[in-house]
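Trainee: generate coordinates for the sequence data below:
(one chain, ligands or ions: 1)
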Amino acid sequence: MVLSRRLPDAAVQLLADVADVVQPPVDRPLGAAELRAAVAGADALVCLLLDRVDDALLDAAGPQLRVVANIAVGYDNVDVEACRRRGVRVTNTPGVLTDATADLTLALLLGITRRVGEGDRLLRAGRSWGWDLDFMLGTGLRGARLGLVGYGAIGQAVARRAAAFGMEVAYAARRPAADGAPPAEHLPLEELLAGSDVVSLHCPLTPQTRHLVDAAALRSMRAGAYLVNTARGPVVDEAALVAALEAGEIRGAALDVFEDEPAVHPGLVGRDDVLLTPHLGSATVQTREAMAVLAARNAAAVLGGQEPPTPVR
Ligand SMILES: O=CC(=O)O
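Mentor: Here you go, the predicted structure:
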């Protein structure tokens with residue numbers, strides 16, 4: 001069993017009970033060539049969303065590989081079809097990061113609508129300022145319409161939080177939400193974009209959702225609207241977003257994920273109508289440990305001939 005990244009002790013312990021665990025030699029994510037070298041001969045791979053699991057990596061691993069346990073809910077880094085063809089199970093870590101990601105979404109939503117980053121920058125720059133009736137006014141959330149693109153566990157957790165702020169919530173998704181989801185209007189994407197004061201993305205990255213928010217989508221949004229993305233960067237056409245902000249087609253954007261991570265489009269960096277965080281959606285001590293432990297349980301289950309707790313499909 002190969003780990004592409006050193007993991008919290010609780011996860012390593014769990015794995016050490018069922019397999020010979022090969023830890024990476026360095027305390028950082030591995031490059032593609034390092035990972036190819038590390039994975040040779042492994043029967044299980046526990047990996048990060050940064051690791052591209054494609055035919056080249058699967059070839060490098062060899063035919064004894066049985067499971068790829070991704071430490072993330074998103075698995076766009078894994079060629080699931082290529083794994084299936086080779087009989088390799090793929091697992092992810094849904095559930096354990098729902099609250100952390102929804103919390104960060106609200107932090108971004110509040111931060112951009114109330115100009116938190118901008119105010120912080122103003123003070124740090126030592127610029128003169130003073131309280132005034134019309135100083136740095138933002139947008140209130142009570143009664144504002146929140147449009148969620150994707151209404152899975154994270155979208156629903158955001159809906160619950162947004163309701164507490166008095167927002168009216170709607171969503172666009174391929175299917176209506178199952179019973180038990182927080183009440184929200186199910187709308188076609190075009191209607192959701194055109195009618196929302198804040199659009200927040202909670203869909204996986206797939207060929208269908210790549211650049212879902214493109215120039216046309218941005219043009220269809222309200223001029224006073226904000227875009228929040230805690231899903232995956234390539235869901236948004238970043239160049240089109242910069243152009244839309246420049247043209248005043250929307251009021252602002254709060255982004256935790258980027259098209260070409262860790263690079264951030266230079267047109268975003270200097271803008272005061274943009275709030276940026278470095279892919280922190282699941283970044284709490286508790287959540288990262290829970291993700292690593294769940295990935296470990298998945299890998300251990302497959303090696304032990306059992307059904308993993310959270311398989312991909
Ligand atoms: O981005 C993080 C995840 O998909 O878990």
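
Trainee: from memory residue 312 sits against residue 88, does it?
Mentor: No - contact criterion Cβ atoms under 8 Å: residue 312 and residue 88 do not qualify, at 10.8 Å. In this view, the C-beta of every residue, glycine as well, is placed from N, C-alpha and C.

Trainee: and those two? Which one has more around it.
Mentor: Applying other Cβ atoms under 10 Å to residue 312 and residue 88 shows that residue 88 carries more neighbours, namely 22 against 18.

Trainee: so what pLDDT did that one get?
Mentor: Listed pLDDT for residue 88 reads 98.

Trainee: ok, it to residue 160 distance?
Mentor: 36 Å (Cβ to Cβ, to the nearest Å).

Trainee: quick check on residue 88: phi, psi?
Mentor: phi -90, psi 130 (degrees, to the nearest 10).

Trainee: kindly report the residues of the chain close to the ligand.
Mentor: 49, 72, 73, 74, 97, 281, 282 (Cβ under 6 Å from any ligand atom).

Trainee: closest to residue 15 among these?
Mentor: Taking Cβ to Cβ as the measure, residue 15 lies nearest residue 72 of these, at 17.6 Å.

Trainee: surely the closest one and residue 49 touch.
Mentor: Yes - in this structure, residue 72 is within contact of residue 49 by Cβ under 8 Å, at 4.0 Å.

Trainee: show me where the stretch 51-200 of the chain has strands.
Mentor: Here the stretch 51-200 of the chain has its strands, by DSSP state E, counting those that start in this stretch, at 67-70, 89-91, 145-149, 168-172, 185-186, 198-201.

Trainee: roughly how far is the second one from the heart of the chain?
Mentor: From the chain centre to the centre of strand 89-91 is a distance of 19 Å (Cα atoms, centre = their mean, to the nearest Å).

Trainee: buried residues, that strand. List them.
Mentor: By neighbour count on 16 or more other Cβ atoms under 10 Å, the buried set for strand 89-91 is 89, 90, 91.

Trainee: out of the residues you listed, flag the one nearest to residue 290.
Mentor: When those are compared against residue 290 (criterion: Cβ to Cβ), the nearest one is residue 91, at 14.3 Å.

Trainee: who's in contact with that closest one?
Mentor: By Cβ atoms under 8 Å, 6 or more residues apart in numbering, residue 91 lies in contact with 67-70, 295, 298-299, 302, 308-312.

Trainee: name the nearest residue to it, ignoring sequence neighbours.
Mentor: Among residues not flanking residue 91 along the chain, residue 298 sits closest, at 3.6 Å (Cβ to Cβ, 6 or more residues apart in numbering).

Trainee: can you give me the neighbour number for the one you found?
Mentor: Residue 298 - counted by other Cβ under 10 Å - has 28 other residues nearby.

Trainee: state the distance from it to residue 40.
Mentor: Taking Cβ to Cβ, one finds residue 298 at 22 Å from residue 40.

Trainee: off-centre distance for the longest helix along the chain?
Mentor: Of all segments of type helix in the chain, defined using DSSP state H, the longest is helix 285-303. Averaging C-alpha positions (Cα atoms, centre = their mean) puts helix 285-303 18 Å from its chain's average.

Trainee: list the helices and strands it packs on?
Mentor: helix 9-16, strand 44-47, strand 67-70, strand 89-91, helix 98-113 (3 or more Cβ pairs under 8 Å, 6 or more residues apart in numbering; DSSP states H and E).

Trainee: need those in a markdown table (columns: distance to residue 207).
Mentor: As requested, the helices and strands packed on helix 285-303 are exported to a markdown table (distance: least, Cβ to Cβ, whole Å):
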| stretch | distance to residue 207 |
| --- | --- |
| helix 9-16 | 32 |
| strand 44-47 | 22 |
| strand 67-70 | 18 |
| strand 89-91 | 17 |
| helix 98-113 | 23 |
